[in-house]
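1. Quick one, fold the following:
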Amino acid sequence: MGKSQPDKLAQDALKKRNPKQAISYLSNRYANGGQIEYLIACIDIMHLFHEDIEFFHSLLWTIKRLVHTRGASLSVKEHDKILYKKLALKYFRFIDYLGHELNIPEENKANTTPKRLLIIGQQFLRPPYSITMCMLEFARIARIGGFEDIKLFITNEYPEKPASTFHESMWAVQSTVIGDENYDFKGDQISIHSHPKQGISKQSIQDNIAYIEEYAPDAVLLVGDNIILGDVCAKFLPTMCWPISQTLSASLAHTHYYRSEIEPMQQIDWKRLKHEPPKMLKQDFDLLTEGENQASLSRDDLKLPEDAFAFVLVGGRIEQEITLEFRKLLFAILEASPNAYLVIVGPVSQSLKLEFALYQERIRWVRFIDDLRSAMSNCDAFLNPPRQGGGNSAYWAMLEGLPILTLDDCDVQMTIREGAAVKTLEELQALAILVMNDENVRNDYIEKSKARIASFRTEAESGSNLMSGVKYCIEEFNTRLLCNV
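-> Next up, the predicted model:
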């Protein structure tokens with residue numbers, strides 16, 4: 001592509017097209033050729049859509065999902081440039097734009113003995129959807145930690161259909177809670193409020209602000225980042241952000257949790273944005289999201305021979321995560337032994353199944369079932385694709401005593417900590433074959449899974465530490481408020 005720069009590509013696209021047509025043109029060029037400059041050019045013109053909130057939001061999440069599902073083909077430098085140097089900058093300026101357009105309550109000193117916690121997420125899909133289970137578990141340990149009133153607020157910001165002109169624009173999975181509901185989770189009744197309509201507009205944000213103002217929480221916890229309503233809340237309420245992946249959070253929350261062993265370096269130019277950087281908090285609680293193994297599946301149900309060694313792969317977007325490079329790894333494992341089998345759990349297309357036609361006798365395609373632990377308990381190892389996400393699946397697999405095989409730059413690595421994390425797909429392939437063929441190696445990694453499970457904190461410890469984190473956030477919020485007066 002030579003020395004062509006994204007800004008020049010964007011300018012050239014806009015000379016002959018309106019902004020929406022330019023997004024279509026640039027994103028198609030990226031999809032067909034893979035040159036990252038075209039993707040960055042799309043980001044460079046996102047500010048032209050500030051007034052079209054639904055278009056901007058759909059474009060934001062389409063690009064973000066693209067980076068997460070195709071991350072293995074991006075270098076660390078490319079990945080960080082897209083998410084932190086480009087996309088985050090456009091997003092925060094969009095939030096600042098909304099701050100001027102909306103009727104936002106004034107900041108007031110926050111209660112230093114918090115009793116009421118609002119937990120905000122994008123959508124509520126029934127368990128075993130992992131993000132939903134994390135939100136529910138946060139609510140449960142918050143009550144154990146001393147909060148008297150906890151509510152989940154589901155923004156339903158995702159559109160029902162593609163709302164931007166980006167190539168293969170995102171289709172959202174419809175939220176399963178619309179309105180108000182109490183949800184039973186581990187015997188605890190969790191109160192849920194969800195915006196009554198799916199999608200996002202200036203009016204829906206304003207309506208949600210009014211609801212939150214009436215509820216009057218002492219603090220807000222965001223489960224995930226790039227939640228527009230949550231970052232608007234940060235303009236008037238103490239707000240924390242818990243990332244759903246190991247990437248840094250793109251959020252205006254006052255405090256951000258991180259799960260890595262060392263504090264991640266800030267990649268966002270907060271000074272350029274004229275915002276205070278967030279305070280970073282090491283996560284010192286565990287979200288024990290395990291569901292009961294209902295034993296609804298057996299090896300006979302899965303048609304696994306007695307001598308089969310079954311690798312299980314799990315994901316809500318597993319088709320996008322089984323990239324061409326990862327497919328080659330899976331084929332190599334299947335070639336290495338006639339006893340190697342794959343149990344692939346999640347929604348897939350017929351076209352992906354055809355890619356595995358040569359090995360169809362040793363592939364088990366399983367729909368995304370409620371009883372995931374049952375499926376895992378009939379397998380011999382958990383194999384993680386290159387991706388962000390999958391931490392809960394790995395946790396459940398460890399509960400079933402499976403060795404966990406993953407790359408060390410995936411979220412799963414932070415779940416297992418001392419499991420079988422390697423640096424390259426070649427090493428992952430070799431390790432998977434070794435674990436399959438060497439019982440001593442396999443038992444070593446099984447013991448690591450058991451040790452990791454034994455290291456989790458108690459519910460009381462996690463609840464207490466969560467409360468301490470919220471109080472720290474409130475203290476930070478009040479300090480900033482005092483300094484700005």
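2. Now tell me which helix or strand of the protein has the poorest mean pLDDT.
-> helix 411-416 (a mean of 68; mean pLDDT, DSSP states H and E).
3. Helices of the stretch 51-200 of the chain, start to end?
-> In the stretch 51-200 of the chain, the segments counted as helices under DSSP state H, counting those that start in this stretch are 53-69, 76-80, 88-101, 130-144.
4. got the contact list for the second one?
-> For helix 76-80, the external contacting residues (C-beta atoms under 8 Å, 6 or more residues apart in numbering) are 36, 67, 71, 267, 409. For every residue, glycine as well, the C-beta is placed using N, CA and C.
5. what about the fourth one, neighbour count?
-> Here the number of neighbours of residue 267 (other C-beta atoms under 10 Å) works out to 14.
6. partners of residue 365 in the sheet?
-> residue 344 (DSSP bridges).
7. which residues sit in contact with it?
-> 344, 348, 353.
8. any idea how far residue 346 is from it?
-> 9 Å (C-beta to C-beta, to the nearest Å).
9. re earlier: out of the contacts of helix 76-80, flag the one nearest to residue 472.
-> Closest to residue 472 out of the contacts of helix 76-80 is residue 267 (22.7 Å), distances taken as C-beta to C-beta.
10. Would you check that the closest one makes contact with residue 85?
-> Yes - shown here, residue 267 and residue 85 form a contact pair, counting by C-beta atoms under 8 Å, at 7.2 Å.
11. What is the end-to-end distance of stretch 157-165?
-> Using C-alpha to C-alpha, to the nearest Å, one end of stretch 157-165 lies 18 Å from the other.
12. buried ones in that stretch?
-> 157, 158, 159, 163, 164, 165 (16 or more other C-beta atoms under 10 Å).
13. So the second one versus residue 347, what's the distance?
-> Here residue 158 is placed at a distance of 17 Å from residue 347 (C-beta to C-beta).
14. What does the pLDDT read for residue 418?
-> Looking at residue 418, its pLDDT reads 54.
15. same question, residue 291
-> 67.
16. Give me the packing partners of the helix of greatest length in the chain, helices and strands only.
-> In the chain, with assignment by DSSP state H, the single longest helix is helix 459-484. Helices and strands touching helix 459-484, by 3 or more C-beta pairs under 8 Å, 6 or more residues apart in numbering; DSSP states H and E, are helix 130-144, strand 219-223, strand 239-242, strand 255-258, strand 279-282.
17. Please identify the most buried of those.
-> Ranked by mean neighbour count, the helices and strands packed on helix 459-484 are led by strand 239-242 with a mean of 29 (mean count of other C-beta atoms under 10 Å).
18. Can you tell me the closest non-neighbouring residue to residue 134?
-> residue 287 (5.3 Å; C-beta to C-beta, 6 or more residues apart in numbering).
19. And that neighbour, its phi and psi?
-> phi -100, psi 100 (degrees, to the nearest 10).
20. One more: residue 342?
-> Given degrees, to the nearest 10, the pair of backbone angles that residue 342 has is phi -120, psi 130.
21. ok, and the closest non-adjacent residue to it?
-> Closest to residue 342 by C-beta to C-beta, 6+ apart is residue 363, at 5.1 Å.
22. Next, the contact list for that neighbour, please.
-> By C-beta under 8 Å, 6+ apart, residue 363 lies in contact with 341, 342, 344, 353, 356.
23. Against residue 349, how distant is the second one?
-> Pointing back at residue 342 there. Distance from residue 342 to residue 349, by C-beta to C-beta: 16 Å.
24. Repeat that for residue 366.
-> From residue 366 to residue 349 the distance is 15 Å (C-beta to C-beta).
25. of these two, who's got more company?
-> The neighbour count for residue 366 versus residue 349, taken as other C-beta under 10 Å, is higher for residue 366 (18 against 9).
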